[in-house]
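# need a structure here:
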Amino acid sequence: MSEEKLAIIARTTAAVNVMQLFGSRVLVATYVRSSETKSKGGIIFIDKTREEDKHQGKIGLVVALGHHAFKDKDFWNGQAPEVGDWVMYNIQDTRRLILVAPDATTTADAQIECRIMEDTAIQGVVDDPTVVY
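You can find the predicted model right below:
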């Protein structure tokens, strides 16, 4: 697992450990580009783009699953995402929420942009979250 994934999971663990997702719900941490992110072609993403990621981002890292998430074998056919996978989704099928990391030392570190959705709202898995905007 990449360092980026491990860092996100570490930031969300304390908050996720005090919640229980019902049914087939999935919690994902929204992918927000860092201020140093540049496309492979050299495009530099400005702060406005990063803000758009928070509100309109279509990629997230799976950080928690409800007990029935991805259990429909006929629907998923062995392709079910797991905690630690980057997934893409339609934001209209999700609900935005902000987790508060209880062990954070700054306000910026305390807020973790997330989305909650039904497992069937996930449209696919991506290896590199930077390829989708």
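
# contacts, neighbours, all on C-alpha from now
Will do.

# helices and strands of this protein: which one has the lowest mean pLDDT?
In the chain, no helix or strand scores lower on mean pLDDT, DSSP states H and E than helix 47-56, which sits at a mean of 63.

# contact partners for residue 115?
Residue 115 sits next to 27, 28, 29, 30, 60, 94, 95, 96, 97 when contact means CA atoms under 8 Å, 6 or more residues apart in numbering.

# so where's the chain shaky on pLDDT?
Residue ranges of the chain with pLDDT under 70: 33-40, 44-56, 106, 108-109.

# all strands of the protein, in order?
Under the criterion DSSP state E, strands of the chain are mapped to 25-30, 59-65, 86-89, 94-100, 111-118, 122-126.

# hang on, the earlier thing: which of the contacts of residue 115 are buried?
Applying 16 or more other CA atoms under 10 Å to those, the neighbour count classes 27, 28, 29, 30, 60, 94, 96, 97 as buried.

# how about the nearest residue to residue 118, chain neighbours excluded?
Excluding its sequence neighbours, the residue lying closest to residue 118 (CA to CA, 6 or more residues apart in numbering) is residue 25, at 4.4 Å.

# you'd agree that neighbour is up against residue 119?
Yes. Taking contacts as CA atoms under 8 Å, residue 25 lies within contact range of residue 119: 5.7 Å.
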